[in-house]
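Engineer: how would this look folded up:
(3 chains)
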Amino acid sequence: EEDKGMDNVGVTEFVGTAVGDSVGLVIANVDYALHEKMGIDKRFRSIGILGARTGAGPQIMAADEAVKATNTEIVSIEMARDTKGGAGHGSLIIFGAEEVSDARRAIEVALKELNRTFGDVYTCDAGHLELQYTARASLAINKAFGAPIGKAFGLIVGAPAAIGVLMSDTAVKTANVEIVSYASPSAGTAHTNEVIISVTGDSGAVRQAVIAAREIGFKVLKAMGQTPVSVTNPYI
Amino acid sequence: EEDKGMDNVGVTEFVGTAVGDSVGLVIANVDYALHEKMGIDKRFRSIGILGARTGAGPQIMAADEAVKATNTEIVSIEMARDTKGGAGHGSLIIFGAEEVSDARRAIEVALKELNRTFGDVYTCDAGHLELQYTARASLAINKAFGAPIGKAFGLIVGAPAAIGVLMSDTAVKTANVEIVSYASPSAGTAHTNEVIISVTGDSGAVRQAVIAAREIGFKVLKAMGQTPVSVTNPYI
Amino acid sequence: EEDKGMDNVGVTEFVGTAVGDSVGLVIANVDYALHEKMGIDKRFRSIGILGARTGAGPQIMAADEAVKATNTEIVSIEMARDTKGGAGHGSLIIFGAEEVSDARRAIEVALKELNRTFGDVYTCDAGHLELQYTARASLAINKAFGAPIGKAFGLIVGAPAAIGVLMSDTAVKTANVEIVSYASPSAGTAHTNEVIISVTGDSGAVRQAVIAAREIGFKVLKAMGQTPVSVTNPYI
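Structural biologist: The predicted structure is shown next:
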């Protein structure tokens, strides 16, 4: 696949693409001047770059698996206001590595994971829902949301934001979970039309909370006129 | 209509939908943990939630009528960067109430008002104009723009922002009004491509200023290539 | 052309339109109340207004030529999150002048320049690239990016932001240029999905850096699925 990338694209740094207009790149030796401007720790000679027009949650979850599986660290996670006219975020995630082979491996893992982490993103013209779940949060989730490492983690997103409020309330009433973060159009987002909560707790409780939020969000979004659909396969 | 909502949607909290991909919801007993994260005063057990992909002005004006007509208060008004690829805002407005019946009534009033308050929103591919007018501003307008309660209020919006500058200048030159607020892409908006001014003063003067701004905005936006149209019926 | 504008549009203040849903306007005597709200120096009785749904870089470059050619100053440059569902900025640029004829002349020059400055904006569904180059930066470029006046200047933009990171690294490795500014979704942009760097240095080096960034950005964006195209004619 690397060879294919090189052959077709003619760019050594190109790793691949994935759902959500996601693209993965690596730089073996980041130029020193850029290093400084980007605030990258000097010990990371190489970086992996994961960017997307559509989605921040799916990319953060995919990056979380990538840091678990490779000898890399998360340098930065930035969220753009994008989704190509939709209500949500695009994203830019930078991995730091001492060796370019590690950076490349992280990007490969992340690109492969995106197919799964887009599974519970449901979109229609009126808005979208996003649900994420993992039994053990790692460094990307910790960096993005402040969630405790090694514990179960759930992400609940509703757009327009009104739906996210109701999903959040339903989630925390359904099971004994703790709210890690709460974001809304004027705080914690790039002015997206979303309410986003993340929760932690016992893995069964987190999963139950996420599923209950999905159910009520789905009904309300559908009542706005269309049936929200996933572009891949639900995994929760 | 509540029964119909319950029947079709199967969600007790669902109140209804309206123009602009607006949705109205209520929560009878907001979960305590969420209460805190959202910064809701403890005396409000219930909330009404008005959200939309398209529009903040129409929803604020509708909310203003809703607080006048019901035993509720405005908890928060947030503006997202949205309009589904357009140049403006989406919105999230939270009403606080001691009784869920009051919250529900506020949302019902607001959803009904939206048909009117979208009347002077004129849209085309190149941009949009929005004009609002009321003889007596109430708590939602006060919260959103800092306008004096009980006095006439006018809202003037032009997108792209250049048009809003000209509309603003025309408005304040046309009649003896006072500027309450001025917002532009880098201050006071969620980075929308709008200039937004609000004015107060004698009701005749405010109305005259708004109408003059509408006239010049319409001509310039039309000169950009299309005729801007309202999706409902002009009311000013 | 002024007469034509007046005839068709019926608005004295209308100057014209250009690519990117750009519009140019003038106000001969800005109302004093608005003057203050907009933070315009009192010695500028007249303003020129250049606004656009799509683009900030092209408009800033065009404004730079306009200030060079006329007796005006740049009052403000604001960037909106726009591009009509694309990944980038819209813009609002205000010129100050003592005489309205000067403001009008500046807007006329800027509108005419836009055809050229859109030349190296390459767009496709997945994202866009923008490259700009001038041998001598003037006041608009200085205001927007802090670039030294009178020196060569290059602007390099990639969207989604991941592409911009790679373009930036390639640019600074290709030639001996100095980074003037670095902006990304969470800093220095209106939360666009772009990485934007600007560079200065010897004119040959700046041009070489910009061209190298264009080449690699083009290949990566094309690998995301479509061939990026310019709506006018490349000039670099």
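Engineer: which pLDDT value goes with A:N8?
Structural biologist: We have a pLDDT of 73 for A:N8.
Engineer: so what's the residue nearest to it when sequence neighbours are not counted up against?
Structural biologist: Closest residue to A:N8 apart from its sequence neighbours, by CB to CB, 6 or more residues apart in numbering or on different chains: C:A223 at 6.7 Å. Bear in mind the C-beta positions are built from the backbone N, C-alpha and C, glycine included. By CB atoms under 8 Å, 6 or more residues apart in numbering or on different chains, the residues touching C:A223 are A:5, A:8-9, A:11, A:14, A:17, A:23.
Engineer: buried among those? Make that a PyMOL selection.
Structural biologist: Filtering those down to the buried ones (16 or more other CB atoms under 10 Å in any protein chain shown) takes a single PyMOL command:
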select buried, chain A and resi 5+9+11+14+17+23
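Engineer: now the contacts of C:A223 as TSV including secondary structure?
Structural biologist: Compiled in TSV, these are given as follows (DSSP: H, G, I helix; E, B strand; the rest coil):
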residue	secondary structure
A:G5	helix
A:N8	helix
A:V9	helix
A:V11	coil
A:F14	strand
A:T17	strand
A:V23	strand
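Engineer: out of the contacts of C:A223, the closest to C:L131 would be?
Structural biologist: Ranked by distance to C:L131 (CB to CB), these are led by A:V11 at 17.0 Å.
Engineer: give me phi/psi at that closest one?
Structural biologist: Per-residue torsions, A:V11: phi -130, psi 110 (degrees, to the nearest 10).
Engineer: quick one: contacts for the closest residue to it other than its chain neighbours?
Structural biologist: In space, and not counting its chain neighbours, A:V11 is closest to C:K219: 4.9 Å by CB to CB, 6+ apart. If you count contacts by CB under 8 Å, 6+ apart, C:K219 has them with A:9-11, A:14.
Engineer: for A:S91, see how far away the residue of chain A found nearest chain C is.
Structural biologist: Nearest residue of chain A to chain C (CB to the nearest CB) works out as A:G51 at 2.5 Å. Remark: distance between A:G51 and A:S91 (CB to CB, to the nearest Å) = 7 Å.
Engineer: again with A:A137
Structural biologist: Distance, A:A137 to A:S91, by CB to CB: 17 Å.
Engineer: the two: who's more crowded?
Structural biologist: More crowded of A:A137 and A:S91, by other CB atoms under 10 Å in any protein chain shown: A:S91, with 31 against 25.
Engineer: and chain A, which of its residues are near chain C?
Structural biologist: With CB under 8 Å from any CB of the partner chain as the criterion, chain A meets chain C at residues A:5, A:8-11, A:13-14, A:17, A:21, A:23-25, A:27, A:30-31, A:33-34, A:37-38, A:47, A:49-53, A:78-82, A:84-85, A:90-92, A:94, A:190-191.
Engineer: what about 6 Å?
Structural biologist: A:9-11, A:13-14, A:17, A:21, A:23, A:25, A:27, A:31, A:33-34, A:37, A:49, A:51, A:53, A:78, A:80-82, A:84-85, A:90, A:92, A:190 (CB under 6 Å from any CB of the partner chain).
Engineer: filter those residues down to the buried ones.
Structural biologist: If we count by 16+ other CB under 10 Å, those have these buried: A:9, A:11, A:13-14, A:17, A:21, A:23, A:25, A:27, A:31, A:33-34, A:37, A:49, A:51, A:53, A:78, A:80-82, A:84, A:90, A:92, A:190.
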